[in-house]
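> dropping a prediction and its sequence here:
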Amino acid sequence: MVYNQKYSPYTAPGIIQEAKKYLNTQTELFLPEQHKLLGCTQSSIYTNSNSLANLKKAKHTGIISKKAVRRLYNAMDWLLLIARNKWAENNHNHRLFKYKLGMITLTLPSKQMHTDNEIKHHCLNHFFTILRTKFDLQNYIWKAEKQKNGNIHFHIVIDKYIDHSVIRPVWNDILSKLGYIEAYRREQIEFHKNGFKPRPELFKKWSLKKQIEAYKSGKIHNWSNPNSTDGPHSLKKIKNAKAYLAKYLTKNPDVYEAYKQERMEAIKKNNNNSLDPSQSHDLYEAVKKRMAIQGNLWYISQSLSKLKQVKTSISEELADELSTIEQLEPKRVKHLDYCTIFQYDIYELIKAGAKIMCNKIKDYIIELRDRYYPPGSGRYSDLGIPLLIFDQIK
């Protein structure tokens, strides 16, 4: 039996059926007479409805789910493993330096005038299109966040070196088409209409000397080249690059900190009188709504998301190696009905002397590097270094 209605995400394969409108996690999604048709138990229906609720919550509050965090960590692992150390040239002093991964931050120079999805669709997508076309960018991760003023901004990790003197004009040119550069220009002209005006509240992060330098630069460019980008900052010298990336890519919005700041400002406007409970509640809800991100919170490039785990057949030698590892630390091995899980990271496998497994991983990484960074493909990809971590295998 087929109904000419909408597809339901909870029906069995091959069945088309309309689900009742979702209300909350305790609402039945199907009428009792539909349960037999769909072959669903009541508990499975509640489980599915809870999953939908969590997905809806994540998209509308800016909270990253545990599953999303695992996917981001997995993408970071691959990016750190396959990216080559390469030579890059500083466009200002023309000095060469080693470069592996870089972090870029893109911001809006004036008050956000469009929805988050419009910014991502018209600006961020265009930005990546240019980077893919002109710089052959393939592997990247981005994460959206909200500033305390409600403006969306993006943290991006890339494996190509692109000088900041190139990044900023590209991003500003894109923003200008939506009016953000002109809005910034008008704001700065009004703010400095009587000459340079310092901002003491920013002295901790932005010294008076730097503010004066920014003012002079702004005047020269007629306030049409705002500092809307930060980086790329090389992650080469950071001791724990994965932890550094995780700080930016997996953190959730700090609504409470933004609320505390606005609450103090509201108290000052109220002649230093405390807010009543209803005012505090309304203010918190307003801040929470402003800090929520519309649409996707993060994205992994297709080249990274398609990377699969290393697979190999179990030879007699590999079976002996696995048995030896299990004897050393049996608590780190779990035997399940259809598989056995060894809870080690790559560095621990190397330390344990798992030569066969490590060489399988090493060969796969070399294959990926050759695919994404072929020799002779450009000055930033010519330096192929050995996988030194694997040389530690005993």
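That came through fine.
> helices along the stretch 101-250 of the chain, start to end?
Taking DSSP state H, counting those that start in this stretch as the criterion, the stretch 101-250 of the chain contains helices spanning 116-119, 125-135, 164-176, 180-191, 208-220, 241-249.
> nearest to Val310, out of those helices?
For those, proximity to Val310 was assessed by Cβ to Cβ; helix 241-249 is nearest, at 18.7 Å. To be clear about C-beta, it is placed using only N, CA and C from the backbone, and glycine gets the same treatment.
> show me the contact partners of that closest one.
Taking contacts as Cβ atoms under 8 Å, 6 or more residues apart in numbering, the residues outside helix 241-249 that touch it are 72-73, 76-77, 80, 100-101, 103, 141, 143, 155, 157, 235, 238, 298.
> chain center to it, what's the gap?
A distance of 10 Å separates the centroid of the chain from that of helix 241-249, by Cα atoms, centre = their mean, to the nearest Å.
> one more: stretch 294-302?
7 Å.
> what's the straight distance from one end of that stretch to the other?
Taking Cα to Cα, to the nearest Å, stretch 294-302 runs 22 Å from one end to the other.
> report the buried residues of that stretch.
Applying a neighbour-count criterion of 16 or more other Cβ atoms under 10 Å, one finds 294, 297-301 buried in stretch 294-302.
> what do you get for stretch 71-79?
71-72, 75-76, 78-79.
> ok so, going back, in TSV, list the buried residues of stretch 294-302 along with secondary structure.
Below are the buried residues of stretch 294-302 laid out as TSV (DSSP: H, G, I helix; E, B strand; the rest coil):
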residue	secondary structure
Gln294	coil
Leu297	coil
Trp298	strand
Tyr299	strand
Ile300	strand
Ser301	coil
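> which of these sit farthest apart?
So, these by Cβ to Cβ: farthest apart are Gln294 and Ser301, at 21.5 Å.
> and the closest residue to Thr312 other than its chain neighbours, which of the three is it?
Counting by Cβ to Cβ, 6 or more residues apart in numbering, Thr312 lies nearest to Lys360, which is 5.1 Å off, once chain neighbours are set aside. Under the three-state scheme (three-state DSSP), Lys360 adopts helix.
> residues near Pro198, how many?
By the criterion of other Cβ atoms under 10 Å, Pro198 has 12 neighbours.
> start at 36, not 1
OK, 36 is where the count begins now, so the last one is Pro233.
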